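Asks: Any chance you could fold what I've pasted below:
(chains A, B, C and D)
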2 protein chains.
Amino acid sequence: MEDLAPFIENINQKVALHHDELDALLSGLKVKKVKKKQFIVQPGFTNEHRTYVLQGAFRGYVIDVDGNEHTTQFAIEDWWISDYNSYIYQIPATMFIVALEDSTILQIDSQTEKRLKASSYNFEKLFRMMAEKSAAFYARRIIAGLTQNAEQRYTEFLEKFPKVAQRLPQYVLASYLNMTTEYLSKIRNDKVKKKS
Amino acid sequence: MEDLAPFIENINQKVALHHDELDALLSGLKVKKVKKKQFIVQPGFTNEHRTYVLQGAFRGYVIDVDGNEHTTQFAIEDWWISDYNSYIYQIPATMFIVALEDSTILQIDSQTEKRLKASSYNFEKLFRMMAEKSAAFYARRIIAGLTQNAEQRYTEFLEKFPKVAQRLPQYVLASYLNMTTEYLSKIRNDKVKKKS
DNA sequence: CGGATCGTTGATCAACTTCAACGGTCGTGG
DNA sequence: CCACGACCGTTGAAGTTGATCAACGATCCG
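Replies: Down below sits the predicted model:
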């Protein structure tokens, strides 16, 4: 049996569910183990589940016309991840989402989510807050992309997500920050030299 | 008296409000006229209102450390605009939002929004859907920024928002697309030449 | 009419990419 | 459990995209 405490705490911070609501939510979830390199979302297929990471790490990425990968999202413990447009509008995904480590996740499918929202005010509130949090996060990322150069984006990432930075392979971090692995390598090198 | 039909239609497409709910919503709104170049949000001040554009056009922008402006959002008729992080979390704004034309807007303040959400399921649902729409829109913009070069971003913008492109000054469009006005000018020039 | 603002053009420059090569490490099959 | 291949991060040289700077004409608005 998995320890669901982190998940329940995640929910509690957003909304105070009644006992029966929490039961309904938990019984709508599926616990899943996925191996490193396993995909949970692929382009062309509709993203049926919203995924919460209990243990492990994931990244979402798209491939452009030149075949280059661009990391759109990452997720470690206590983060949610999905192809947002695919899940919300139930349209085919454009994204891959893949496990970076052996992981344990909780998944809710969109039909269940829809049923929960229809069943009670508190679930509407919960998902409203989750959507607001996502939108606010994305808005900050857009501003970072507009206003900062490569080194500034890297530095800010280190400050905001020091634990994540240690767990992501360099090429994932580089493609999330919209630069090549070679250039990120040079930035890191320059930063070390500056210190001394 | 302003014609609120477009606004009511905007709401109706998301959720079917009861008569008394619609009344409560409308009585919580304020109609406002703002002149071109007037600011409705400024850095340092908390963004108290969510703004719906009945008539006119706006843009939101931030200024980076070098003093350059970057357009983060735009809005014409039937769009909503705010400094998302400032409004949702009621923290000081980092953004300017300014009228590009003489405009008529509807505004709801965050206290009223909070009260409406607390009062009924349908309002939670309404704002949940608005937040999802924002998040999905932002997610697509992030992907565009990661995967496309300057010309591709411009071309895609023209396809997606032909009417908006005609109303935005060139420098606003350029800074929204993360390039300089000079470079956008060159792209436009090159596109004309390609046709012939 | 006159000044400020906007879009354009051309020359130069900087940030970042591409390409190629190399060493280290990781995991996988024999 | 070892050996080998694949993958990852690094380095350097050359190339490209897009920025910067400066100058100019057009237009808008007061």
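
Asks: and the closest residue to A:P92 other than its chain neighbours, how many neighbours?
Replies: The shortest distance from A:P92 to any non-neighbouring residue, by CB to CB, 6 or more residues apart in numbering or on different chains, is to A:G44 (5.3 Å). (Each C-beta comes from the backbone N, C-alpha and C, glycine too.) Taking other CB atoms under 10 Å in any protein chain shown as the criterion, the count of residues near A:G44 is 8.

Asks: quick one: A:G44 and DNA strand D, what's the gap?
Replies: As judged by CB to the nearest atom of the strand, to the nearest Å, A:G44 and DNA strand D stand 22 Å apart.

Asks: secondary structure element for that residue?
Replies: Taking DSSP states H and E as the criterion, A:G44 maps to no regular element, lying outside all helices and strands.

Asks: Give me the buried positions along stretch A:73-83.
Replies: Along stretch A:73-83, the positions that meet the burial threshold by neighbour count (16 or more other CB atoms under 10 Å in any protein chain shown) are A:Q73, A:F74, A:A75, A:I76, A:W80, A:I81, A:S82, A:D83.

Asks: closest to B:G145 among those?
Replies: A:Q73 (13.8 Å; CB to CB).

Asks: need the longest helix for chain A.
Replies: For chain A, the helix reaching the highest residue count under DSSP state H is reported as helix A:121-147.

Asks: Is it correct that the residue nearest to A:P92 is in contact with A:I91?
Replies: No - here A:G44 lies out of contact with A:I91, judged by CB atoms under 8 Å, at a distance of 10.7 Å.

Asks: Can you tell me, leaving aside adjacent residues, what's nearest to the residue sitting nearest the centre point of chain A?
Replies: Residue closest to the average C-alpha location in chain A (CA atoms, centre = their mean): A:I81, at 3.3 Å. For A:I81, ignoring the flanking residues on the chain, the nearest one in space by CB to CB, 6+ apart is A:A75 at 3.8 Å.

Asks: Tell me how many other residues crowd the residue lying closest to A:Q55 once chain neighbours are set aside.
Replies: With sequence-adjacent residues excluded and distances taken as CB to CB, 6+ apart, A:Q55 is closest to A:T104, at 4.2 Å. Using other CB under 10 Å as the criterion, A:T104 is surrounded by 16 other residues.

Asks: can you pull the contacts of the residue nearest to the centre of chain A?
Replies: In this structure, A:I81 makes contact with A:T51, A:V53, A:F58, A:G60, A:Q73, A:F74, A:A75, A:I97, judged by CB atoms under 8 Å, 6 or more residues apart in numbering or on different chains.
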